[in-house]
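>>> pasting the structure only:
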């Protein structure tokens, strides 16, 4: 069920008060993505909210009403990739219904489904995997080498240099401007460093200052500190900064004497803005145990804030590590086979950018880009041999063999897939076209 959070609640109430849509948008786009109960405090302390007319009518009344809508369901939603698995017919175990999209969904939400003991898995599709398969096929076709993707070396110098320079356009999960900038700041070169970078770029770590603190400590601009010596083994790999959800749960276990099951409840409560009484019980238990450890004052509050605030927004380490593993191996393909990789990237449509950006990236890598050809282009982008003329320093011209990126016929406006298939099939059957006829 989609419940009311800050922006949504204020937007819905403002509509009822007849505030024009333009004014509503101007007000709500400055609000943070937080639960409604934190909205007044956020308006008071966040710089982007200082100019908001929160003390003036009708906004003062709108905010007061919006606060009463905290956690109130707005409408039913469908989990984008949550799949329920059972040993028998689901209809015998849980009520089902047809969604407007025509798919069958459970009438219970994910928590109730889990409480019933049913297996619930998130199965995500990733176009990045399509890029991998296309790139490997391109490499085999172009070079005759069959790359074992699982056997790619984990400490490869060209790959490490490319990562540290942030030249990762097209690489799964690490190609956005923010991510490339962070890789340069960290001089990231390994899978472990990629994993940390992937977690630091997430809203949770960024919002609570983890990224800035980590970078200062990485550059030795400030010493590594731990709220308590018992937390050093948990936070050492991330320089005393909480980066992963698993660290939050370990802190709750060690400093707060919570069981891992209770620590997971803290994580879920923060993530879903759930049961206030349960959160209050866990907070009391945590603070009592942390006080016995010797934590007090600001340090005590800091550790609890690290647990409660970060748990809902942090990134799961297993998730970050899996993404880092894939990203590193894909980066290896780009570092060693840039033409074949970028051809796959342009063909798959899986990237952060439009295909034209990857064509420009090919040019930055010194790869010639060849226009569509009725005799040379396949349907998709391909890597093909290219002979370039170059000087040898003695005034003589020599031919240099390199790879070029050939634009596929699919890029030609107005050509249908059937037409492209017919052109390629005819060419394979009867040889190159010799004339227009």
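Noted; the coordinates are in hand. Remember, it's a predicted structure, so these values are computed and weren't measured experimentally.
>>> C-alpha from now on. contacts and neighbour counts both.
Noted.
>>> Report the mean confidence score over the host helix or strand of residue 184.
Assigned by DSSP states H and E, residue 184 belongs to helix 177-186. Throughout helix 177-186, pLDDT has a mean value of 95.
>>> Low-confidence stretches in the stretch 201-350 of the chain?
Where the stretch 201-350 of the chain drops to pLDDT under 70, the residues are 204, 206-207, 267-276, 309-313.
>>> try 80
Applying pLDDT under 80 to the stretch 201-350 of the chain flags residues 203-209, 263-280, 282-283, 293, 295-314.
>>> now stretch 280-294, how far from the chain's geometric center?
34 Å (CA atoms, centre = their mean, to the nearest Å).
>>> next structured bit after the helix or strand containing residue 263?
Assigned by DSSP H and E, residue 263 falls within helix 260-272. Next helix or strand after helix 260-272 toward the C-terminus (DSSP H and E): helix 276-293.
>>> circling back: what's the first helix or strand after the helix holding residue 184?
Downstream of helix 177-186 (by DSSP H and E), the next one is helix 191-200.
>>> ok and that following helix relative to helix 177-186, angle-wise?
130 degrees (axes from the mean of the first three to the mean of the last three CA atoms, to 10 degrees).
>>> Quick one: classify residue 341 as helix, strand or coil.
Assigned with DSSP: H, G, I helix; E, B strand; the rest coil, residue 341 falls in the helix class.
>>> ok, it touching residue 334?
Yes - the pair residue 341 and residue 334 passes the contact test of CA atoms under 8 Å, sitting 5.5 Å apart.
>>> is residue 385 in a bridge, and if so with what?
residue 403 (DSSP bridges).
>>> can you pull the contacts of residue 82?
120, 121, 122, 123 (CA atoms under 8 Å, 6 or more residues apart in numbering).
>>> Then residue 377?
Neighbours of residue 377 in contact, by CA under 8 Å, 6+ apart: 406, 407, 408, 409.
>>> so when I look at it, I'm seeing a strand, right?
No - looking at residue 377 with three-state DSSP, it is coil, so not inside a strand.
>>> how near is it to residue 384?
9 Å (CA to CA, to the nearest Å).
>>> ditto for residue 424
Taking CA to CA, one finds residue 424 at 16 Å from residue 384.
>>> Next, format the contacts of residue 377 as a markdown table and append neighbour count.
Output for those, formatted as a markdown table (neighbours: other CA atoms under 10 Å):
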| residue | neighbour count |
| --- | --- |
| 406 | 25 |
| 407 | 25 |
| 408 | 23 |
| 409 | 25 |
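>>> Out of those residues, which is nearest to residue 45?
Taking CA to CA as the measure, residue 407 is the one of these closest to residue 45, at 52.2 Å.
>>> I'd like to know how far that closest one sits from residue 350.
17 Å.
>>> just residue 36 next, same as before
36 Å.
>>> which of these two has more neighbours?
residue 36 (24 against 20; other CA atoms under 10 Å).
>>> Spatially nearest residue to that one (excluding sequence neighbours)?
Closest residue to residue 36 apart from its sequence neighbours, by CA to CA, 6 or more residues apart in numbering: residue 6 at 4.2 Å.
>>> mind checking pLDDT for residue 16?
pLDDT, residue 16: 92.
>>> All the strands of the stretch 101-250 of the chain, residue numbers only.
104-106, 119-122 (DSSP state E, counting those that start in this stretch).
>>> tell me, which of the ones you listed is the model least confident about?
If those are sorted by mean pLDDT, strand 119-122 sits at the bottom with a mean of 90.
>>> Now do it: distance to the chain's middle.
For strand 119-122, the distance to the chain centre is 20 Å (CA atoms, centre = their mean).
>>> And it, what's buried?
Under the neighbour-count criterion of 16 or more other CA atoms under 10 Å, strand 119-122 has nothing buried.
>>> Which strands and helices lie in contact with that strand?
strand 82-85, helix 110-115 (3 or more CA pairs under 8 Å, 6 or more residues apart in numbering; DSSP states H and E).
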